[in-house]
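Undergrad: what follows is a predicted structure for the sequence shown.
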Amino acid sequence: MEQNKIIRDLRVLTEEFIPSRILHRDSQLSSLKTSLSPLLSDSRPRNSFLFGPPGTGKTSISIHVAGELKKQIPLKFAHINCWESYTRHSILYSALKGFGIFAQRKGTPTDDLLEEFRNKSKGPCLIVLDEIDRLEECEILYDLMQAGAGLIMISNSENALYRMDPRIRSRLSSTENIQFSRYTDRELSDILSDRREWGLVPGALSRQQIGKISLLSNGDARTALGMLSIAAQKAEEKGLGKIPSSLIDSTLPQAISGSMKRILESLTPHQRIIIDILKGGKKGSGELFPSLQKECSRQGVDEMVNRTFRKQMERLVRHGLVSFEGEGRWRVYSLPEP
Ligand SMILES: Nc1ncnc2c1ncn2[C@@H]1O[C@H](COP(=O)(O)OP(=O)(O)OP(=O)(O)O)[C@@H](O)[C@H]1O
Ligand SMILES: [Mg+2]
């Protein structure tokens with residue numbers, strides 16, 4: 001097999017990779033560890049709320065710290081993305097799945113899942129609710145806390161917890177707020193240099209090039225690592241011995257659109273079909289629903305009842321992925337202007 005000239009370990013350059021060294025997040029790490037330290041003596045930890053712009057390390061730190069704890073105690077742990085799981089039922093299902101228990105997804109009543117969660121979460125238990133602003137049935141927070149689970153809640157928006165019901169907000173009043181700011185160029189350069197060491201063949205990317213990527217990434221480590229990884233892969237495909245600077249410039253739009261892609265990838269098949277249909281132009285709601293049914297049967301996706309369709313449309317509108325004009329039967333849906 002031919003030796004790679006650029007990439008030493010592609011895994012290290014992927015977004016899912018959780019680095020064992022988290023750089024420039026000492027104060028956030030220390031706050032989070034302090035909040036969670038009661039878990040070590042089998043007591044209830046303090047809940048935390050991590051907020052800040054995209055690509056600033058919120059998800060990585062949570063998973064990293066949970067990993068450290070797991071080495072010391074038999075921690076029940078689940079990382080749940082509330083974009084994907086936003087109902088009480090699906091959160092409980094995902095939490096159990098995180099513990100390694102696979103409940104029957106359809107048909108198991110929510111109360112049964114809750115009962116199972118209560119039984120299985122005994123002892124030290126930590127649940128990460130990522131993108132918590134997407135959570136729709138917020139009373140689940142109450143259930144999780146009642147069962148004794150510690151919570152790490154994550155959002156881009158500092159106000160994500162304000163919209164909760166007063167009863168839940170009061171239960172969350174002692175939550176530790178931990179802020180994440182954009183990285184400075186120098187901090188991003190350090191993060192990139194660390195990855196370069198593990199991910200790339202020595203000499204493939206220069207220090208100046210790392211500086212350039214950092215400058216273009218606007219404090220977002222995901223964009224920076226995305227640029228590095230795309231440029232490295234392109235250079236490798238071309239059989240080059242070093243990454244040329246021209247390749248770095250051309251990767252920026254692709255790395256930025258990676259964030260948008262992330263949102264689109266987390267859509268349900270129905271939501272994706274709706275967006276695809278609207279890519280073809282505006283559609284009245286009376287026209288959109290039958291088009292959706294037709295497309296579902298063509299793609300072998302379960303058909304949808306009208307009530308679910310309306311709920312899905314509300315969700316897409318609420319999250320800014322679809323816009324509309326007019327009301328009721330006259331409502332016309334379209335994709336928002338970029
Ligand atoms: N301090 C750091 N040290 C090393 N790698 C980091 C650091 N911060 C972020 N990264 C890397 O950057 C990428 C994005 O980080 P992460 O997913 O944690 O961001 P986030 O704050 O959760 O973003 P979002 O709000 O968009 O979900 C990950 O691949 C992660 O490994
Ligand atoms: Mg995240």
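TA: That came through fine. Ligands and ions are numbered 1, 2, ... in the order given.

Undergrad: which parts of the stretch 101-250 of the chain sit against ligand 1?
TA: Residues of the stretch 101-250 of the chain that fall close to ligand 1, judged by CB under 6 Å from any ligand atom: 156, 191, 221-222, 225. In short, each C-beta sits where N, CA and C put it, glycine included.

Undergrad: let me see the contact set for Asp133.
TA: 82, 155-157, 160 (CB atoms under 8 Å, 6 or more residues apart in numbering).

Undergrad: ChimeraX command to pick out the buried ones of the residues of the stretch 101-250 of the chain next to ligand 1?
TA: To isolate the buried ones among those in ChimeraX, judged by 16 or more other CB atoms under 10 Å, type:
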select :191,221,222,225
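
Undergrad: among the residues of the stretch 101-250 of the chain next to ligand 1, which two are most distant?
TA: Farthest apart among those by CB to CB are Asn156 and Ile191. That separation is 19.3 Å.

Undergrad: lowest average confidence, helix or strand, in the protein?
TA: None of the helices or strands of the chain scores lower by mean pLDDT, DSSP states H and E than helix 245-265, at a mean of 75.

Undergrad: following element in sequence after that helix, please.
TA: helix 269-279 (DSSP states H and E).

Undergrad: can you list contacts of that next one?
TA: Outside helix 269-279, the residues touching it (CB under 8 Å, 6+ apart) are 264, 267, 283, 288, 291-292, 295-296, 299, 301, 304, 308, 312-313, 315-316, 321-322, 333-335.

Undergrad: give me that answer again for 7 Å
TA: With CB atoms under 7 Å, 6 or more residues apart in numbering as the test, helix 269-279 has contacts from 283, 288, 291-292, 295-296, 299, 301, 304, 312, 316, 321-322, 333-335.

Undergrad: for the helix or strand that it is followed by, which outside residues touch it?
TA: Using DSSP H and E, the helix or strand that follows helix 269-279 towards the C-terminus is strand 283-284. Under the contact criterion CB under 7 Å, 6+ apart, strand 283-284 has outside partners 277, 291, 331-333.

Undergrad: kindly report the same for stretch 84-104.
TA: 76-80, 105, 110, 113-114, 116-117, 120, 127, 134-137, 139-140, 266.

Undergrad: which regions of the stretch 201-338 of the chain sit below the pLDDT cut-off?
TA: 256-266, 319, 338 (pLDDT under 70).

Undergrad: of all residues in it, which one is closest to ligand 1?
TA: Residue nearest to ligand 1 within the stretch 201-338 of the chain (CB to the nearest ligand atom): Ala221, separated by 3.4 Å.

Undergrad: name the nearest residue to that residue, sequence neighbours excluded.
TA: Of all residues not flanking Ala221 in the chain, Gly55 sits nearest, at 4.7 Å (CB to CB, 6 or more residues apart in numbering).

Undergrad: from memory that neighbour sits against Gly226, does it?
TA: No - Gly55 is beyond contact range of Gly226, at 8.9 Å (criterion: CB atoms under 7 Å).

Undergrad: same list (the residues of the stretch 101-250 of the chain next to ligand 1) but as JSON lines, adding secondary structure and distance to Ala66.
TA: Output for these, formatted as JSON lines (DSSP: H, G, I helix; E, B strand; the rest coil; distance: CB to CB, whole Å):
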{"residue": "Asn156", "secondary structure": "coil", "distance to Ala66": "21"}
{"residue": "Ile191", "secondary structure": "helix", "distance to Ala66": "20"}
{"residue": "Ala221", "secondary structure": "helix", "distance to Ala66": "19"}
{"residue": "Arg222", "secondary structure": "helix", "distance to Ala66": "20"}
{"residue": "Leu225", "secondary structure": "helix", "distance to Ala66": "21"}
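
Undergrad: the protein: strands as residue ranges?
TA: 48-51, 76-81, 125-130, 150-155, 176-179, 283-284, 323-325, 332-334 (DSSP state E).
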